[in-house]
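Undergrad: Need coordinates for the below:
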Amino acid sequence: MDESIYTPGAGHLPPVLVGRDDLIARWEAAIKGVGRVGRARALDAVLIGQRGVGKTVTLTALTQKAKSFGFLNISLQAVAGHDGLIAALLDQVKDRADAQEGPWRRAGRVFARLEGLSIGVAGISGSISLARQNAREHPVDAARLAEALSALAYEIRKDNPDGGLLITVDEMQVAAAADLALLAAVLQRLNVDYPKSTVLFAGTGLLNTPDVLQKAGVTHPDRLFTIIEIPRHLTEDEALYAVEEPARRVGVEWDPEAAWSVVQDSNCFPAHLQLFADLAWANADGPLRIEIPDAVAARQLGKQAIEERTLIPRWRGLSPRKREILAALATFGGVASRSQLSKALGKTPQKTSWLIDELVKDGDIFSPSRNLLALAVPAFADVILQRYDQELEFATKKLLSLDELRANAGADE
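TA: Got it, this is the predicted structure:
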């Protein structure tokens with residue numbers, strides 16, 4: 001058929017965003033509340049969840065909703081190993097001030113006073129540039145930055161009385177601790193010193209983001225932020241609607257069994273749902289109907305694509321000891337308690353805890369409950385079990401085989 005309407009791939013907004021209606025309704029209410037009374041009605045949301053559940057696309061939807069009310073957006077992306085969030089924020093203000101964009105230009109003088117800098121012969125742009133350089137060398141004062149952001153929101157409302165400023169940060173879990181601590185302090189100063197300011201915040205991160213915030217020195221992140229976990233799976237009804245409705249809108253029909261097959265094969269996992277639907281669409285002779293054979297072809301192609309594009313490259317990038325931990329987890333079907341995992345590995349929990357923490361931080365595994373660990377992508381278990389023993393002879397360290405891991409796990413039972 002013609003070009004697919006589905007959107008596989010990280011961060012792409014699906015043709016129909018399902019399962020987020022309640023969240024978007026809460027967000028819209030917060031936007032209206034902030035417009036009326038200020039920060040007292042702010043919903044500073046942090047969307048957490050595994051990779052592939054749609055955190056970034058949900059953040060995009062929240063941003064679009066805010067923009068529809070006249071909010072302007074400072075969009076930031078955290079990068080592992082870089083401490084540049086605040087510098088990036090100042091970069092955006094400078095660039096927009098240089099472009100002579102109304103509220104950004106008018107608020108430029110307030111930003112130029114950060115770190116006590118004054119307007120000199122270089123003008124607003126030159127002063128912001130100095131402030132931006134200073135931000136990289138010395139922490140920006142939270143109170144001054146809060147003042148500048150509040151002033152920018154005030155200038156935005158001059159052009160749109162319902163508007164304000166939205167700050168968004170994607171992948172918060174990899175941001176530098178100093179940047180996270182400063183960001184939290186700025187939001188707190190806005191609450192205290194500028195309660196009528198129309199500034200909102202929304203961010204995304206993996207499931208460990210609240211712990212990352214706490215370790216960065218953000219006390220009680222659950223009080224400052226509204227932590228919202230994005231479900232790992234859609235409901236079957238939501239997944240079916242996400243498959244059938246976009247096609248219906250362009251006059252294409254799904255055979256009910258074919259649509260149901262895509263839902264089941266994807267396990268209602270949002271990223272995989274888009275991939276399988278896209279592959280079925282591409283396989284269809286069309287032009288107006290997707291049949292069961294198309295879904296069957298998508299099943300095999302989708303499984304292969306997930307393995308080749310995501311799982312195998314990730315497996316190759318893991319250290320030998322991390323592979324051993326994941327192999328032990330895979331022998332339990334992808335879900336095990338910490339004590340079960342330690343027993344299979346033949347090691348005390350203390351000796352493996354730091355590696356497990358890194359795997360959690362990187363999004364390879366997660367903790368669905370206090371003492372339970374699980375593979376973030378269930379399909380990873382099959383890839384691990386197929387490859388682990390074959391690659392043992394090339395390992396640079398002595399690792400336990402799958403049989404040894406299973407024997408340890410079953411010892412004394």
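Undergrad: Let me know whether Ala376 touches Pro368 as I believe.
TA: No. The criterion here is C-beta atoms under 8 Å, and Ala376 misses it with Pro368 at 10.5 Å. Quick note: C-beta positions are derived from backbone N, CA and C, even for glycine.
Undergrad: Beyond the one helix or strand Thr58 maps to, next helix or strand please.
TA: In this assignment (DSSP states H and E), Thr58 forms part of helix 55-68. Following helix 55-68 in sequence order, the next helix or strand is strand 71-77 (DSSP H and E).
Undergrad: got the buried residues for the following helix or strand past that next one?
TA: Going down the chain from strand 71-77, the next helix or strand is helix 85-98, by DSSP H and E. By neighbour count with 16 or more other C-beta atoms under 10 Å, helix 85-98 contains the buried residues Leu85, Ile86, Ala87, Ala88, Leu89, Leu90, Asp91, Val93, Lys94, Arg96, Ala97.
Undergrad: same question, stretch 354-372
TA: Buried residues in stretch 354-372 (16+ other C-beta under 10 Å): Leu355, Ile356, Glu358, Leu359, Val360, Lys361, Asp362, Gly363, Asp364, Ile365, Phe366.
Undergrad: Just give me the closest of the residues you listed to Glu404.
TA: Glu404 lies nearest to Leu355 out of the buried residues of stretch 354-372, by C-beta to C-beta, at 18.0 Å.
Undergrad: Would you state the predicted confidence (pLDDT) at the closest one?
TA: Per-residue confidence at Leu355 stands at 93 (pLDDT).
Undergrad: same check, this time on the one 10 residues further on
TA: In the predicted model, Ile365 carries a pLDDT score of 93.
Undergrad: Quick check, it in contact with Ala328.
TA: No. Assessed by C-beta under 8 Å, Ile365 is found out of contact with Ala328, at 11.1 Å.
Undergrad: what's around Ala80, how many residues?
TA: Neighbour count for Ala80, taken as other C-beta atoms under 10 Å: 11.
Undergrad: Kindly report the same for Val57.
TA: 22.
Undergrad: Against Glu291, how distant is it?
TA: To Glu291, Val57 is 29 Å away according to C-beta to C-beta, to the nearest Å.
Undergrad: Equivalent analysis for Leu273, please.
TA: When C-beta to C-beta is applied, the distance between Leu273 and Glu291 equals 18 Å.
Undergrad: now swap in Ala112 and tell me
TA: Ala112 sits 63 Å away from Glu291, going by C-beta to C-beta.
Undergrad: Neighbour count: those two, which is higher?
TA: Between Ala112 and Glu291, Ala112 has the larger neighbour count (other C-beta under 10 Å), namely 26 against 17.
Undergrad: pLDDT below threshold where in the stretch 51-200 of the chain?
TA: Low-confidence segments of the stretch 51-200 of the chain, defined by pLDDT under 70: 115-139.
Undergrad: Swap in 80 and give it another go.
TA: Low-confidence segments of the stretch 51-200 of the chain, defined by pLDDT under 80: 83, 100, 109, 112-140.
Undergrad: per the record, what domains does this protein have?
TA: The record's domain parsing of the chain by automatic domain parsing lists 21-229, 236-314, 317-410.
Undergrad: What is the end-to-end distance of the second one?
TA: Between the opening and closing residues of domain 236-314 there is a gap of 29 Å (C-alpha to C-alpha, to the nearest Å).
Undergrad: likewise stretch 190-210?
TA: This stretch, stretch 190-210, spans 21 Å end to end (C-alpha to C-alpha).
Undergrad: quick check: angle from the helix or strand containing Val192 to helix 85-98?
TA: Assigned by DSSP H and E, Val192 falls within helix 177-193. With axes from the mean of the first three to the mean of the last three C-alpha atoms, to 10 degrees applied, the angle from helix 177-193 to helix 85-98 works out at 60 degrees.
Undergrad: Can you name every helix or strand that helix 177-193 contacts?
TA: The contact analysis (3 or more C-beta pairs under 8 Å, 6 or more residues apart in numbering; DSSP states H and E) places helix 177-193 against helix 85-98, helix 142-159, strand 199-205, helix 209-215, helix 221-224.
Undergrad: so how far is it from its chain's centroid?
TA: Helix 177-193 has its C-alpha centroid displaced from the chain centroid by 21 Å (C-alpha atoms, centre = their mean, to the nearest Å).
Undergrad: Over to stretch 79-98?
TA: Worked out by C-alpha atoms, centre = their mean, stretch 79-98 lies 19 Å from the chain centre.
Undergrad: can you check stretch 285-304 too?
TA: Taking C-alpha atoms, centre = their mean, the mean C-alpha location of stretch 285-304 is offset from the chain mean by 29 Å.
Undergrad: repeat for stretch 235-251
TA: Its chain's average C-alpha position is 24 Å from that of stretch 235-251, according to C-alpha atoms, centre = their mean.
Undergrad: Next, the buried residues of that stretch.
TA: Glu238, Ala239, Leu240, Tyr241, Ala242, Val243, Glu244, Pro246, Ala247.
Undergrad: can you list the residues you listed in TSV and add distance to Gln304, secondary structure and pLDDT?
TA: TSV is the format used below for the buried residues of stretch 235-251 (distance: C-beta to C-beta, whole Å; DSSP: H, G, I helix; E, B strand; the rest coil; pLDDT from 0 to 100):
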residue	distance to Gln304	secondary structure	pLDDT
Glu238	26	helix	97
Ala239	21	helix	97
Leu240	24	helix	97
Tyr241	27	helix	97
Ala242	22	helix	97
Val243	20	helix	97
Glu244	25	helix	97
Pro246	24	helix	96
Ala247	23	helix	95
